[in-house]
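# Pasting a predicted model and its sequence here:
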Amino acid sequence: MTILKKKLDANQYNLKDQVVAINRVTKVVKGGKNMSFAALVVVGDAAAGVVGHGSGKAKEVPQAIRKGIEAAKKNLVRINLTETTIPHLVLGRFGSGQVLLKPAPEGTGVIAGGAVRAVMTSVGVQNVLTKSLGSPNPHNVVKATFDALEQLRDRAEVAAARGKSVEEL
């Protein structure tokens with residue numbers, strides 16, 4: 001069963017961008033070395049629970065970041081959240097990167113590493129425990145975090161799938 005996702009309009013959100021990683025890439029050619037930069041960027045609106053990630057490549061860092069932001073705005077997703085945390089425990093996978101997200105009580109804060117922290121703060125989660133397993137590659141970690149966030153279900157959705165009312169859960 002494939003679920004068609006409605007494309008979210010980036011202009012209707014107050015998006016904040018956060019650079020996760022910048023990588024200097026060198027290509028050796030006959031005339032010498034060609035240097036360029038690759039940037040991994042996360043954008044999100046904490047109030048709306050919307051987040052996206054993108055990658056940009058250019059000869060200079062600011063241009064790479066700008067391209068990454070544009071790419072991130074094109075793949076925004078809405079995430080199901082409770083007030084300040086996530087509804088349930090979830091494990092996201094991408095490549096050999098795995099990210100475990102666990103709900104936390106009020107006042108815990110975001111306990112996460114660099115790449116996961118960028119995604120969590122961008123989406124507006126204030127209390128969560130995370131553990132990054134497997135690959136430390138920031139690209140794989142960010143994509144695994146998105147996989148985990150997309151697996152989150154709200155109470156109404158679970159109740160409808162089980163054929164029960166929200167109060168019965």
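Happy to help now that I have it.
# Which segments of the chain make up each domain?
10-77, 79-168 (automatic domain parsing).
# Output those as CSV; include the columns mean neighbour count.
Any C-beta I mention is one placed from the backbone N, CA and C, and that applies to glycine too. Below are the domains of the chain laid out as CSV (neighbours: other CB atoms under 10 Å):
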stretch, mean neighbour count
domain 10-77, 17
domain 79-168, 18
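# mean pLDDT lowest for which of those?
Mean pLDDT is lowest for domain 79-168 out of the domains of the chain, coming in at a mean of 89.
# mind listing the helices for this protein?
61-74, 114-123, 138-151, 155-162 (DSSP state H).
# what's the last one in contact with?
If you take CB atoms under 8 Å, 6 or more residues apart in numbering as the criterion, helix 155-162 is touched by 80, 87, 165, 166, 168, 169.
# how about 10 Å then?
80, 82, 87, 88, 153, 154, 164, 165, 166, 167, 168, 169 (CB atoms under 10 Å, 6 or more residues apart in numbering).
# which ones are touching the fourth one?
With contact set as CB under 10 Å, 6+ apart, residue 88 has these partners: 80, 82, 101, 102, 103, 151, 152, 153, 154, 155, 158.
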